[in-house]
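Student: Output the structure for:
(chains A and B)
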Amino acid sequence: MELNKLTAHELIQKLNSKEITAKDIFSALDNRIKEIDHKVKAYVRAEKDTNSTEATGIPVSIKDNISTNGYRTECCSKILEGFIPPYDATVIKKIKESGHSFLGLKLNMDEFAFGSSTENSFFGPTHNPWDLSCVPGGSSGGSAAAVAADEAIWAIGSDTGGSIRQPASFCGVVGLKPTYGRVSRFGLIAFASSLDQIGPLTKDVHDSALLSNIISGYDSNDSTSINTTVPDYTKSLINDVKGIKVGIPKEYFVEGLDPEVKSSLQEAIETLKKLGAQFKEISLPHTEYAVPVYYIIATAEASSNLARFDAVQYGFRADSANLIDMYKKTRSQGFGDEAKRRILLGTFALSHGYYDAYYLRALKVRTLIKRDFDNVFKDFDCIITPTSPTAAFKIGEKTDDPLKMYLSDIYTISANLAGIPAISLPCGLTKRGLPVGLQILSKHFNEELLLRVAYTYEQNTQWHKNKPKL
Amino acid sequence: MSYEVVIGLEVHLQLNTKTKAFCGCSTEFGKEPNSQVCPVCLGFPGSLPVFNRAVLDSAIKVALSLNCKIQEYTKFDRKNYFYPDLPKNYQISQYDLPLSNNGYLDIDIEGITKRIGITRVHMEEDAGKLIHQEDGTLVDFNRTGIPLLEIVSEPDISSPLEAHEYLSTLKNIIQYLDVSDCDMEKGSLRCDANISLRKKGVKTFGTKAELKNMNSFKGVKDALTYEIERQSALLDSGEIIIQETRLWDPKTSKTVPMRTKEGAKDYRYFPEPDLPPFIIKEDKINEIRRSIPELPKEKIVRFVKDYGLSEYDAKIIVSNKRDAQFAEECFKAYTNTDKKALVNWFIGPLLSEANNRNLTLANLNIPTKDLLELVSFVERDEISHLCAKSVLTEMIDSRKSASIIIKEKNLIQISDTSALKSILEEVIKENPKSVADYKAGKANALMFLVGQLMRKSKGKANPKTVQELLKERLESA
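Tutor: Alright, predicted model coming up:
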């Protein structure tokens, strides 16, 4: 039996019945990584850093922007070269406390989570297991690809504008972005502090609920985490959507939506209808502003968050003659193009004379976007949309056109701006055999409903059972 | 030409909370460099700030004492700039919604009260310290993240003297609140000054200079005085004042332009996304208001009223919180209704002992009961006032009580006439000329004879008794 192909909940049963050991799981993964990761390139430093001596429970593979005590955490950027945090992120602590382990399995990502394709990694791109010439999505592309390729049982990613959901959709796995404040951000190297949220990428909805149980909860080290009780999410694994009211936002079914994605989604809606869910068209009138608002707020926060990478204390330091020279050379050589682009955009948006027109305006529109959702959730339990307008695109296809790249997050960004939870799960395959994702959104702290609708859909379809042929 | 001087002061005050503003590190001064740091105050990636609520309490205390309005809704902002003593390259500060604003501070200028407006009091974090060495610059991050209050005055200050008085009054209040050491040398109180001149009667402000690097109140006063001269001279000769930051150099007693940075500063303030805005409830404000102790202004009034101090004397004693506490303890324990005698001890011998030793009254460490005991010896006429002063010195030096010193040194005055009479006879015998002088009507001669007798008694004779005895003896014989 190839243990690496199983889900976490299946493996937990086997562990509990003493059929297998944690080391067995690790070696199955280790073999798989050796077998295929040279093609997928989901991991960074896997050969060097993995360590089975601490194997316990199910190993969790971790995106490279989450601090792991004693293990390099570089955000796939040259500027953090060699940085080893002297602390674990709160999610890592929680994973360890729950009896599972992190074994040095660090996953590739777009540098500082800036991107939608994992092409912006200092270590080079990750390849989509369904078609190695395609991107896995991003920025948690390594997380999604590793889970899809059975070289991770489950993984942790981060989502600032779709960075868990879009790659989950591209790789045919389940990705959940929890409510802002549900999971501690302590130890997550910040991209945009008001949007970032850590979440699970898993092979099915059951594992998503399990991993959510582990990582959720208030943390006194994160002032933006919310002190409310966390439900047992496995209790939401109910195969029933009768009477659930679903809104379909008309603004999401417009130009740019790939016809194949559109028809997959329509089929999914039909399936859920047959299972008793009630659908109605709704409007989220400020949708068209989501992308511009996002790229102002996210880059503004990023420009400030990334200011600390100055070579004074840690990371890469360029040879330099004096302080200013050190700043300039280190940051010129240490950051990739997309990081520089976003730092410049954000610096501009916050500059004197532009602040009111850009940043302040963006904050106001963000409030309107939130209000759109609040209004809908007065009458609806959830909203269903495509996760991304297209399936995975080719490596290199959009690298020269940042705006085109930014639009691949058009359906996922709003959830971050509003702070609401959202999940992506597989709902089809294109003719070329690439996965298509379905996104479900609900109101703050209603992950339970997302899981219930997703679980019901999954139990009544076969998409999650498809595996890439590698 | 003479100009009207316009000064606004910006004070940075380190709060004496046990831990830093956004992490659990100690704030203790003078520790090994980089020994009081953690990932949060070092700005390590992934770390997040958590606001120390004790900072808020202290800040509200100060703001209320400066008659400021506390904002119900307040938030932190990021002030972005690159500097190696700032590990995140942004400072957590407050920008458009500061904790408090619209306050004032009354200062006393030669007996006249002047009200100086307080624009705002806000909270922020301190930066680290650069240590320049020959082969490079080192950074000590111990200070990074220590809570600061920024107290900004309106441009209501019209002279270096007023600036000095503003700072002393402010420092005095802060010390009473016990929220900061207020030590300019240690850097727990820092002051920058904005100063401009304008012709009398002109309404608009002149171009200002920002003065930095003053390490004492005197430095502030001197820098402002220098700057008035400099700007006056420029204006007199028709030149233009450049808006710039100037550094005070105490060695040359001059201000010099700071190396100018490229372009105007743009701090790109924006709301700190890691710290949610917060609401300060009325209850909280009232609770803190109730915890504010009696402040110097009220204490001076009360000391004048209750203990009969002059306003001048009260001001001296009240200018130090612990001195005032010590004085009041003594005043209360002193059973005489008229406190004048004890008050005179404070502003006389005690104060000069303190000044001689460069200590405060309280730091003389004289137990209340010992001081009162000493005073009672004088009041019972058992020792002379002169003798008591040297006993006081001895008390401070040896930590012995007055009664022990007096006993050990056998200082009790000889008022017993029979004991004195034999010495008196000796003196008369030894000084026939003075005796004759006195008898011839030279009154001064009596004082000389008293002096001789005092010397023979080693200062123990009661001078009053001696004088009476001598007179009696010389006039009868």
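
Student: ok now do the closest residue to residue A:399 other than its chain neighbours, which residues does it touch?
Tutor: Nearest residue to residue A:399, sequence neighbours excluded (Cβ to Cβ, 6 or more residues apart in numbering or on different chains): residue A:119, at 5.7 Å. Yep, even glycine has a C-beta here, placed from its N, CA and C like the rest. Contact analysis of residue A:119 by Cβ atoms under 8 Å, 6 or more residues apart in numbering or on different chains lists A:110, A:125, A:135, A:138, A:395-396, A:399.

Student: Check residue B:108 too.
Tutor: B:114, B:165, B:169, B:315.

Student: Where does the second one fall, secondary structure wise?
Tutor: When you say that, I think you mean residue B:165. Following DSSP states H and E, one finds residue B:165 within helix B:160-177.

Student: Mind listing what's buried along the next helix or strand after that helix?
Tutor: Using DSSP H and E, the next helix or strand after helix B:160-177 towards the C-terminus is strand B:189-199. Neighbour-count burial for strand B:189-199 flags B:189-198 (criterion: 16 or more other Cβ atoms under 10 Å in any protein chain shown).

Student: Residue 159: what's it in contact with?
Tutor: Since no chain was named, I'll use chain A. A:140, A:165, A:175, A:177, A:196-199, A:412, A:416.

Student: Chain B is the one I meant
Tutor: Residue B:159 makes contact with B:5, B:7, B:224, according to Cβ under 8 Å, 6+ apart.

Student: Wait, a strand at the first one?
Tutor: Yes - read with DSSP: H, G, I helix; E, B strand; the rest coil, residue B:5 is one of the residues of a strand.

Student: And it, how far from residue B:236?
Tutor: 15 Å (Cβ to Cβ, to the nearest Å).

Student: do the same with the second one
Tutor: Between residue B:7 and residue B:236 the distance is 20 Å, computed by Cβ to Cβ.

Student: So what's the residue count around residue B:305?
Tutor: Counted by other Cβ atoms under 10 Å in any protein chain shown, the residues lying close to residue B:305 total 10.

Student: Tell me which helix or strand comes right after the host helix or strand of it.
Tutor: Taking DSSP H and E as the criterion, residue B:305 maps to helix B:296-307. Once the chain leaves helix B:296-307, the next helix or strand it forms, by DSSP H and E, is helix B:311-318.

Student: ok, then the element right after that next one?
Tutor: Going down the chain from helix B:311-318, the next helix or strand is helix B:321-333, by DSSP H and E.

Student: For residue B:212, which residues count as its bridge partners?
Tutor: Counting by DSSP bridges, residue B:212 forms beta bridges with residue B:247.

Student: Run through the residues that contact it.
Tutor: Each residue near residue B:212 by Cβ under 8 Å, 6+ apart is listed here: B:192, B:245-248, B:258.

Student: List only buried entries from those residues.
Tutor: B:192, B:245-248.

Student: could these go into TSV alongside pLDDT?
Tutor: Formatted as TSV, the buried ones among the contacts of residue B:212 follow (pLDDT from 0 to 100):
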residue	pLDDT
B:192	96
B:245	92
B:246	95
B:247	95
B:248	96
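
Student: with those in mind, which one is nearest to residue B:70?
Tutor: Using Cβ to Cβ, residue B:192 is the member of the buried ones among the contacts of residue B:212 that lies nearest residue B:70, at 24.4 Å.

Student: So for the closest one, what's the nearest residue that isn't a sequence neighbour?
Tutor: Computed as Cβ to Cβ, 6+ apart, the closest residue to residue B:192 that is not its neighbour in sequence is residue B:10, at 4.5 Å.

Student: Tell me how far that neighbour lies from residue B:211.
Tutor: Residue B:10 is 10 Å from residue B:211, by Cβ to Cβ.

Student: More neighbours: which of the two?
Tutor: residue B:211 (25 against 16).

Student: and the more buried one, what does it touch?
Tutor: B:192-195, B:220, B:223-224, B:227, B:245-248, B:255.

Student: Repeat the analysis, applying 10 Å as the threshold.
Tutor: Shown in contact with residue B:211 (Cβ atoms under 10 Å, 6 or more residues apart in numbering or on different chains): B:7, B:9, B:191-195, B:219-220, B:223-224, B:226-227, B:245-248, B:255, B:258.

Student: sorry, back to before: in terms of neighbours, single out the busier of residue B:7 and residue B:236.
Tutor: A direct count of neighbours by other Cβ under 10 Å for residue B:7 and residue B:236 places residue B:7 higher, at 25 against 11.

Student: For the more buried one, give me the pLDDT.
Tutor: Listed pLDDT for residue B:7 reads 98.

Student: Where does the residue nearest to residue A:399 fall, secondary structure wise?
Tutor: Here residue A:119 sits in a region with no helix or strand, counting by DSSP H and E.

Student: any idea how far it lies from residue A:393?
Tutor: From residue A:119 across to residue A:393, the span is 10 Å (Cβ to Cβ).

Student: tell me, what's touching these two both at once?
Tutor: Contacts common to residue A:119 and residue A:393, judged by Cβ under 10 Å, 6+ apart, are A:135, A:405.

Student: Close to chain A: what parts of the stretch 151-300 of chain B are there?
Tutor: Taking Cβ under 10 Å from any Cβ of the partner chain as the criterion, the stretch 151-300 of chain B approaches chain A at residues B:262, B:264-276, B:278.

Student: Poorly predicted segments of chain B, please.
Tutor: Applying pLDDT under 70 to chain B flags the ranges B:259-264, B:415, B:477.

Student: Give the buried residues for the longest helix out of those in chain B.
Tutor: Longest helix in chain B, counting residues (DSSP state H): helix B:217-236. Neighbour-count burial for helix B:217-236, counted by 16+ other Cβ under 10 Å, picks out B:217, B:219-228, B:230-231, B:235.

Student: Quickly name whichever of those residues is closest to residue B:358.
Tutor: Nearest to residue B:358 among those is residue B:217, at 16.6 Å by Cβ to Cβ.

Student: what's the closest non-adjacent residue to that closest one?
Tutor: Nearest non-adjacent residue to residue B:217 (Cβ to Cβ, 6+ apart): residue B:167, at 5.0 Å.

Student: If you count contacts, what does the helix or strand hosting residue B:356 end up packed against?
Tutor: Residue B:356 belongs to helix B:351-357 when elements are defined using DSSP H and E. With contacts defined as 3 or more Cβ pairs under 10 Å, 6 or more residues apart in numbering or on different chains; DSSP states H and E, helix B:351-357 has these neighbours: helix B:311-318, helix B:385-398.
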